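[1] Mind folding the following:
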Amino acid sequence: MTNGGRTPAVRYNPRVSVPLFFALYCLEAGLFFIVVPWTRVWTMNPLLHSHATLALLAGNPFVRGFVSGFGVVHIIIGIKDIVRLSAARREENRHTPR
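    Numbers count the residues shown, from 1 in each chain. Sure thing, here's the model as predicted:
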């Protein structure tokens, strides 16, 4: 304990925080896109039912599946970014002298 019994300060690294926030955004957006097309939020949305053609498309199960697939892509991107960031951090800690 070289810090007088205190825990070491956390270092802020902007090279990590922006990609981390992007990865968390991808996970959150992916979850949103997977779940929402199958809920009442989707079926009762006045924006999707403002025109007859748009309402027909919004109610189509294939369109809902496409939007959910778009969410799966977001989740895959978010997971890959988090794995990449964690591997880079492990590599950085391995080469940092203690």
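[2] Low-confidence bits of this structure, can you list those?
    Low-confidence segments of the chain (pLDDT under 70): 1-5, 7-14, 97-98.
[3] For it, which segments count as helices?
    14-35, 40-43, 52-59, 61-95 (DSSP state H).
[4] Tell me how far the third one lies from the chain's centre.
    Meaning helix 52-59. 27 Å (Cα atoms, centre = their mean, to the nearest Å).
[5] The shortest one too?
    For helix 40-43, the gap between its own C-alpha mean and the chain's C-alpha mean amounts to 22 Å (Cα atoms, centre = their mean).
[6] Would you mark the buried spots in it?
    Trp42 (16 or more other Cβ atoms under 10 Å). From N, CA and C alone the C-beta is placed, and that goes for glycine too.
[7] Could you export it as PDB, CA atoms only?
    The C-alpha coordinates for helix 40-43 follow below in PDB (Å, rounded to 0.1, in the frame of the first residue of the first chain):
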ATOM      1  CA  ARG A  40     -47.500  -2.900 -28.100                       C
ATOM      2  CA  VAL A  41     -45.100   0.000 -28.500                       C
ATOM      3  CA  TRP A  42     -44.700  -1.100 -32.100                       C
ATOM      4  CA  THR A  43     -48.400  -1.900 -32.800                       C
END
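[8] let's number from 225 now, not from 1
    Right, with 225 as the first residue, what we last looked at is helix 264-267.
[9] List of residues touching it?
    With contact meaning Cβ atoms under 8 Å, 6 or more residues apart in numbering, helix 264-267 is reached by 260, 272, 282-283, 288.
[10] Mark which of these are buried, thanks.
    Judged by 16+ other Cβ under 10 Å, buried ones among those: 260, 272, 282, 288.
[11] tell me which of those is nearest to Glu316?
    Of all the buried ones among the contacts of helix 264-267, Val260 has the smallest distance to Glu316: 37.3 Å, by Cβ to Cβ.
[12] Which residues are in contact with the closest one?
    Val260 neighbours (Cβ under 8 Å, 6+ apart): 266, 291.
[13] now swap in Leu251 and tell me
    Contacts of Leu251 (Cβ under 8 Å, 6+ apart): 298-299, 302-303, 306.
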